[in-house]
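Chemist: Generate a structure from the sequence data that follows.
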Amino acid sequence: MTLKPSQIHQILTNKREEFTAFNREVWEQLQQYRSALHVLSAQGEADVRQRLAKYSGATGARLLESLSEAKNGVISCGLVWQNKEQSLAWVRDRLTGIRTFAVDGSQIYPGKDLSIPIALVQIGWFENPHLPTGGYEKDIALDVMTPIDLQAGNSGEPVDRRVNMRRFEMETQRLVDYIKDHAHAENCLVFLDGSLVATFAQVFDGSSRQFYVECLLNLLRASEKYRVPLVAYIDTSYAQDLAVMLRTLYALPPSDTIHDAQLLNKFITWGDRTPLFLCQRSGILDQYEEQRDRVAFTYLKTTRDNYPARIEMPLWMVEAGISDRIMDWVRGEVIIGGGYPYVIESADQTAVLQANDRQIFFQILQDWAESEDLNLRFSRKMVSKVRRR
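Modeler: Reported below is the predicted structural model:
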């Protein structure tokens with residue numbers, strides 16, 4: 001049966017006070033945190049650094065950049081154009097000859113249509129040289145995962161997780177390979193679609209958690225060793241690093257609902273960013289070895305309506321004094337992409353597996369299994385679909 005809108009509406013009406021109370025509590029806490037952010041900007045970096053130095057544990061974040069140009073924790077970019085043509089002219093001035101590169105992935109998970117677990121992982125990449133003559137490079141690589149790859153039946157570990165891990169490994173390794181191929185290039189910018197801090201993996205078992213950490217460590221180390229700029233772009237971030245820092249400095253009430261992007265959104269307009277901070281998050285960073293204190297971040301307003309995006313980068317880029325230039329490159333990609341980096345969007349379109357790709361994969365698999373005389377059984381439903389194509 002379909003949903004009954006009248007019942008949903010009645011339930012929401014009955015529980016309206018619960019929503020109201022939650023919103024009221026969050027709003028009151030948000031005002032406290034925003035007031036603290038205003039105080040932070042007014043104090044100046046010397047005082048903030050001195051106060052944070054008193055804490056030896058994880059403080060959420062530590063200041064890397066001057067607050068002298070910041071108001072309410074935001075540095076204005078001062079970019080105003082009269083029309084789209086002016087903004088695109090600015091992009092051409094910043095990005096012409098700059099190679100931007102991104103990777104994304106897609107997968108077909110094991111299912112009940114096959115008698116044994118088999119999965120397909122595909123990654124796609126896109127490189128834009130930003131030349132007046134145009135041109136770009138895009139391609140794919142894929143892997144078929146066997147029952148051994150999937151570790152089916154081992155210790156109850158979800159099979160789908162093994163697929164996700166393989167995809168993540170292929171994506172990050174492709175970025176590492178690109179960095180090595182463009183060692184010491186001053187005209188490159190590599191994008192990671194996601195965070196350099198693998199907090200998402202903290203809920204996994206120790207082996208899986210370490211796997212994700214190692215993939216990101218390889219990426220961080222490659223960027224630093226070969227001096228190729230790398231930015232991690234998180235479009236929708238619920239990180240609380242700045243909120244934790246403010247809580248530490250000003251004894252604010254704990255809150256699981258206040259996150260950095262929400263905190264900053266009132267004060268930030270398109271193109272503006274926060275000062276650069278060093279990520280000092282508790283938990284997963286303890287496994288980052290020499291990279292434990294080597295991940296910097298800022299928040300950048302990339303659309304007029306949504307919360308600011310979180311931008312992370314290796315600390316060496318801040319130390320080398322190239323972060324401002326890199327942030328302009330990111331702004332340029334966002335302008336071309338209409339609010340989202342064009343190079344990441346293009347990598348996603350290159351990598352995505354469509355619905356008919358699943359049928360093609362199974363058709364190839366069935367033909368191959370028959371030619372090799374393998375006992376690979378397909379469900380009647382899948383056989384029917386394959387025969388119709």
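Chemist: can you give me the strands in the chain?
Modeler: Secondary structure of the chain (DSSP state E): strands at 60-63, 70-71, 74-75, 99-108, 119-128, 137-145, 188-193, 230-234, 277-280, 295-300, 309-314.
Chemist: Contacts only, for the residue nearest to residue 51 when sequence neighbours are not counted.
Modeler: Nearest residue to residue 51, sequence neighbours excluded (Cβ to Cβ, 6 or more residues apart in numbering): residue 249, at 5.8 Å. In short, each C-beta sits where N, CA and C put it, glycine included. Contacts for residue 249 (Cβ atoms under 8 Å, 6 or more residues apart in numbering) come out as 36, 40, 48, 51-52.
Chemist: Among these, name the ones in helices.
Modeler: Among those, DSSP state H puts 36, 40, 48, 51-52 in helices.
Chemist: Format those as CSV; extra columns: distance to residue 265.
Modeler: Below are the ones in helices among the contacts of residue 249 laid out as CSV (distance: Cβ to Cβ, whole Å):
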residue, distance to residue 265
36, 16
40, 17
48, 22
51, 25
52, 24
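Chemist: which of these has the most neighbours?
Modeler: Each of the ones in helices among the contacts of residue 249 was scored for neighbours by other Cβ atoms under 10 Å, and residue 40 scores highest at 23 neighbours.
Chemist: That one contacts residue 67, doesn't it?
Modeler: Yes - in terms of Cβ atoms under 8 Å, residue 40 counts as a neighbour of residue 67; the distance is 7.4 Å.
Chemist: Give me the common contacts of the two.
Modeler: Common neighbours of residue 40 and residue 67, counting by Cβ under 8 Å, 6+ apart, are residue 48.
Chemist: before we move on, back to that, can you put the ones in helices among the contacts of residue 249 in JSON lines and add distance to residue 122 and pLDDT?
Modeler: Below are the ones in helices among the contacts of residue 249 laid out as JSON lines (distance: Cβ to Cβ, whole Å; pLDDT from 0 to 100):
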{"residue": "36", "distance to residue 122": "46", "pLDDT": "88"}
{"residue": "40", "distance to residue 122": "45", "pLDDT": "82"}
{"residue": "48", "distance to residue 122": "46", "pLDDT": "81"}
{"residue": "51", "distance to residue 122": "49", "pLDDT": "82"}
{"residue": "52", "distance to residue 122": "45", "pLDDT": "82"}
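Chemist: closest to residue 242 among these?
Modeler: Closest approach to residue 242 among the ones in helices among the contacts of residue 249 (Cβ to Cβ): residue 40, at 9.1 Å.
Chemist: Lowest mean pLDDT across the strands of the chain, which one is that?
Modeler: Comparing mean pLDDT over those, the weakest stretch is strand 70-71, at a mean of 87.
Chemist: Can you list the low-confidence ranges for the stretch 151-300 of the chain?
Modeler: Filtered on pLDDT under 70, the stretch 151-300 of the chain yields the residue ranges 152-157.
Chemist: can you pull out the helices in it?
Modeler: Taking DSSP state H, counting those that start in this stretch as the test, the helices found in the stretch 151-300 of the chain are 159-181, 206-226, 241-250, 260-264.
Chemist: what packs against the first one?
Modeler: On a contact count with 3 or more Cβ pairs under 8 Å, 6 or more residues apart in numbering; DSSP states H and E, helix 159-181 meets strand 99-108, strand 119-128, strand 137-145, helix 147-150, strand 188-193, helix 206-226.
Chemist: can you do 10 Å?
Modeler: strand 99-108, strand 119-128, strand 137-145, helix 147-150, strand 188-193, helix 206-226, strand 230-234, helix 342-351 (3 or more Cβ pairs under 10 Å, 6 or more residues apart in numbering; DSSP states H and E).
Chemist: Can you check what angle separates that helix from strand 119-128?
Modeler: Interaxial angle, helix 159-181 versus strand 119-128 (axes from the mean of the first three to the mean of the last three Cα atoms, to 10 degrees): 30 degrees.
Chemist: could I have helix 159-181 exported to PDB, CA atoms only?
Modeler: Output of helix 159-181 as PDB, limited to C-alpha atoms (Å, rounded to 0.1, in the frame of the first residue of the first chain):
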ATOM      1  CA  VAL A 159      30.800  -8.400   2.200                       C
ATOM      2  CA  ASP A 160      29.700  -4.900   1.000                       C
ATOM      3  CA  ARG A 161      32.400  -3.400   3.200                       C
ATOM      4  CA  ARG A 162      35.100  -5.300   1.300                       C
ATOM      5  CA  VAL A 163      33.700  -3.800  -1.900                       C
ATOM      6  CA  ASN A 164      33.800  -0.300  -0.500                       C
ATOM      7  CA  MET A 165      37.300  -0.800   0.800                       C
ATOM      8  CA  ARG A 166      38.600  -1.900  -2.600                       C
ATOM      9  CA  ARG A 167      36.900   1.100  -4.300                       C
ATOM     10  CA  PHE A 168      38.600   3.400  -1.700                       C
ATOM     11  CA  GLU A 169      41.900   1.700  -2.300                       C
ATOM     12  CA  MET A 170      41.700   2.100  -6.100                       C
ATOM     13  CA  GLU A 171      40.600   5.700  -5.800                       C
ATOM     14  CA  THR A 172      43.400   6.800  -3.500                       C
ATOM     15  CA  GLN A 173      46.000   4.800  -5.300                       C
ATOM     16  CA  ARG A 174      45.100   6.400  -8.600                       C
ATOM     17  CA  LEU A 175      45.600   9.800  -6.900                       C
ATOM     18  CA  VAL A 176      49.000   8.700  -5.600                       C
ATOM     19  CA  ASP A 177      50.000   7.500  -9.000                       C
ATOM     20  CA  TYR A 178      49.100  10.800 -10.600                       C
ATOM     21  CA  ILE A 179      51.000  12.700  -7.900                       C
ATOM     22  CA  LYS A 180      54.100  10.600  -8.600                       C
ATOM     23  CA  ASP A 181      53.800  11.200 -12.300                       C
END
